[in-house]
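Colleague: with the sequence up front, the predicted model follows.
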Amino acid sequence: MAENQDNSILRDTQDPKIGVYVCRCGGNISDYIDTEALAATAAKIPGVVLSKVNSFMCSDPGQSLIEQDVKSGKVDRVVVASCSPFLHEITFQQAVKRGGLNPYLYTHVNIREQGSWAHGHQGKDATKLAMLNIAAGIGKVRHLEALEKIRLPSHRRVLIIGGGVAGMKAALDCARRGLPALVIEKGDKLGGRTAVLHKTYPRGLSGEEIVAELQKEIDATDNIEVLTDTQVTGIKGFIGNFEITSTREGKEEKHHVGAVVVATGFEPYQPSDGEYAFGHQQVATLPDFMAELAKAKDGGAFQWKGKPVRGIAMIHCVGSRQCEGVQKPQADGQINDYCSRICCTSLLRTAVEVRERFPDTQIYDFHQDIRTYGRGQEDYYIRASELGVTFFRWDGEEPPVVAADGAKLSVTVKDLLTFGEELEVPVDLIVLGVGVMPSKIKDIVEMLKLPVGADRFIQEVHPKLRPVEVAVNGLLLAGTAQGPMSIEESLEGASAAAAKASILLAHDFTELEPFVAKVKTDLCIGCRACIDECVYSGAILEKTAERDGKQVKVAEVNPGLCKGCGACVAVCPTRALDVQGWTLEQFEAMVDGLTSDMELVEA
């Protein structure tokens with residue numbers, strides 16, 4: 001079969017002239033679905049003037065195929081049947097645009113995730129299902145209209161909520177790009193939790209030193225405004241046009257910004273009373289232990305509450321990687337089944353410091369496994385081993401058991417490193433490697449309508465393709481607001497958020513996708529059903545219009561706030577509303593395609 005199989009039927013028909021392009025996806029589709037039969041069948045559908053198959057439509061040659069067909073005037077509507085639109089919809093829109101066609105005269109049909117990968121075991125029926133989906137796409141594209149992106153005036157200023165290291169870094173990077181930044185921090189100073197850390201990896205600096213470096217740069221930068229002891233108490237608007245209300249000691253102030261970076265940080269897991277004997281005076285969380293370690297004088301044995309400590313047990317995964325039915329749920333009924341990422345390295349770095357500074361104090365490390373995932377972090381594990389740290393490995397469903405009898409403490413574990421032998425280790429102090437939990441920002445989440453994942457952290461659109469964006473345009477994430485991260489990762493995420501903000505606000509206007517509701521004013525009867533149904537405050541308003549010499553009330557859409565959900569369309573009694581790019585007429589044509597009775601044509 002030729003690489004670009006072409007089932008062209010160049011008819012002398014009126015517009016539209018539809019081109020269908022089917023992707024083999026290197027076998028991901030064609031190994032299970034007869035892509036040649038799809039192209040041959042599509043060529044018989046009225047309005048389709050050519051249909052082609054390519055092994056990789058997303059490749060440069062595949063895109064060029066579409067581009068040249070558009071440039072030559074063969075087609076003025078394009079349907080691509082390939083993988084998920086989340087991966088390559090923009091790719092093909094740009095190919096259509098390079099050919100000189102409006103990019104919204106194109107539609108995407110997913111025959112991989114919703115075809116070969118889901119139904120590949122069904123043989124010819126999978127091909128027929130893919131064909132029906134293509135027929136639906138052809139039906140839709142036949143009724144598409146050229147659209148233009150929505151252009152709205154924009155404030156070229158960024159709000160950063162949270163003044164930890166991620167917020168500080170985001171502000172600096174925005175300012176360096178010429179974008180004024182406003183940092184609002186609820187505490188009395190910048191730096192967040194990093195500021196109190198005695199020592200950090202990989203540079204070995206104290207948290208105070210890291211914060212001081214950032215603070216010095218902020219102080220030397222003109223277009224950064226910092227408000228401490230201040231709460232964000234109100235947010236409304238949309239990308240390019242957010243109105244922020246801040247409150248300090250009862251005094252409110254208004255600010256106008258174009259984008260918002262959420263850098264609200266994290267909170268350490270707080271063990272429940274009795275969890276690994278927590279509450280006992282010789283059981284401490286890692287942050288509390290590190291604070292005491294910072295004040296201790298070197299040499300001999302470490303002192304805890306005035307007494308020498310000969311043995312310390314360090315227990316990993318306290319409040320992380322919890323198992324249903326094993327660990328006690330949180331107040332909201334959930335367990336923390338995620339890995340907090342930074343705990344292993346933090347415990348090992350601390351163990352190394354204790355052994356180097358206090359050689360008479362032995363360290364016993366109890367872990368499920370060691371996850372020192374970052375560059376150079378494995379060195380802490382190697383160094384801890386060289387310094388004589390003793391490691392015990394436990395099964396996730398059988399965590400260590402701590403016994404406390406007065407001042408006597410012991411940890412019992414079924415050690416996988418000794419083939420499940422049950423061992424009891426007496427110690428003088430237990431350090432709990434507590435995990436990372438999201439900050440309590442329910443008010444911010446509700447004001448901004450932020451999506452929250454199963455782990456309770458704010459959820460990005462896509463961890464690889466859109467790692468610092470959320471589903472709400474103009475809202476960005478930095479640092480541990482979106483999940484557990486090291487300081488390095490938080491700073492990198494903050495830089496990414498600043499870069500994205502500078503792209504969004506590169507001009508004094510903002511461009512949005514045109515897929516929003518549109519009112520046909522001549523059909524609107526002013527019943528307000530759409531306004532009452534809309535869940536996005538301010539997205540649909542009432543305005544006065546003139547009709548037949550009279551003043552009447554009609555609906556009006558604010559394109560900056562409309563999300564194109566279509567709820568208003570469903571309740572309109574006169575069909576005065578449609579979502580651009582997804583009109584009722586287009587939906588009806590898609591249904592006709594899905595319910596058509598067509599026979600596959602042999603290629």
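Modeller: Sure thing, it's come through. Numbering: from 1, shown residues only.
Colleague: OK, contacts around A494?
Modeller: Contact partners of A494, counting by C-beta atoms under 8 Å, 6 or more residues apart in numbering, are 165-170, 173, 261, 263, 478-479. Glycine gets a C-beta too; all of them are placed from N, C-alpha and C.
Colleague: got the residues you listed as a markdown table, with pLDDT columns?
Modeller: Formatted as a markdown table, the contacts of A494 follow (pLDDT from 0 to 100):
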| residue | pLDDT |
| --- | --- |
| V165 | 98 |
| A166 | 98 |
| G167 | 98 |
| M168 | 98 |
| K169 | 98 |
| A170 | 98 |
| D173 | 98 |
| V261 | 98 |
| A263 | 98 |
| A478 | 98 |
| G479 | 97 |
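Colleague: could you check how far the most centrally placed residue in the chain is from I184?
Modeller: Taking C-alpha atoms, centre = their mean, the centroid of the chain lies closest to E460, which sits 1.0 Å from it. From E460 across to I184, the span is 22 Å (C-beta to C-beta, to the nearest Å).
Colleague: the residue nearest to the centre of the chain: what's it in contact with?
Modeller: Contact analysis of E460 by C-beta under 8 Å, 6+ apart lists 466-470, 477, 482.
Colleague: just the buried members of the residues you listed?
Modeller: The neighbour-count test (16 or more other C-beta atoms under 10 Å) applied to the contacts of E460 identifies 468-470, 477, 482 as buried.
Colleague: tell me which of the residues you listed is nearest to E275?
Modeller: Nearest to E275 among these is Q482, at 26.6 Å by C-beta to C-beta.
Colleague: surely that closest one is in contact with G493?
Modeller: Yes: Q482 is within contact range of G493, at 7.4 Å (criterion: C-beta atoms under 8 Å).
Colleague: between those two, which contacts overlap?
Modeller: Between them, Q482 and G493 share these contacting residues under C-beta under 8 Å, 6+ apart: V468.
Colleague: doesn't P359 belong to a helix?
Modeller: No: if the criterion is DSSP: H, G, I helix; E, B strand; the rest coil, then P359 is coil and not within a helix.
Colleague: that one: how many residues sit nearby?
Modeller: Other residues within reach of P359, judged by other C-beta atoms under 10 Å, total 14.
Colleague: can you read off the pLDDT for it?
Modeller: You'll see P359 listed with a pLDDT of 96.
Colleague: quick check: closest non-adjacent residue to it.
Modeller: Leaving out its chain neighbours, the residue that sits closest to P359 by C-beta to C-beta, 6 or more residues apart in numbering is G300, at 7.8 Å.
Colleague: could you look up the SS state of that neighbour?
Modeller: coil.
Colleague: quick one, strands of the stretch 501-603 of the chain?
Modeller: Listed in chain order, the strands of the stretch 501-603 of the chain (DSSP state E, counting those that start in this stretch) span 509-512, 517-519, 540-547, 550-557, 577-579.
Colleague: now those in TSV, with distance to G311 and mean neighbour count?
Modeller: Formatted as TSV, the strands of the stretch 501-603 of the chain follow (distance: least, C-beta to C-beta, whole Å; neighbours: other C-beta atoms under 10 Å):
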stretch	distance to G311	mean neighbour count
strand 509-512	60	18
strand 517-519	67	21
strand 540-547	67	13
strand 550-557	68	15
strand 577-579	67	23
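Colleague: for the protein, what helix or strand is lowest in average pLDDT?
Modeller: Ranked by mean pLDDT, DSSP states H and E, the weakest helix or strand in the chain is strand 5-6, scoring a mean of 62.
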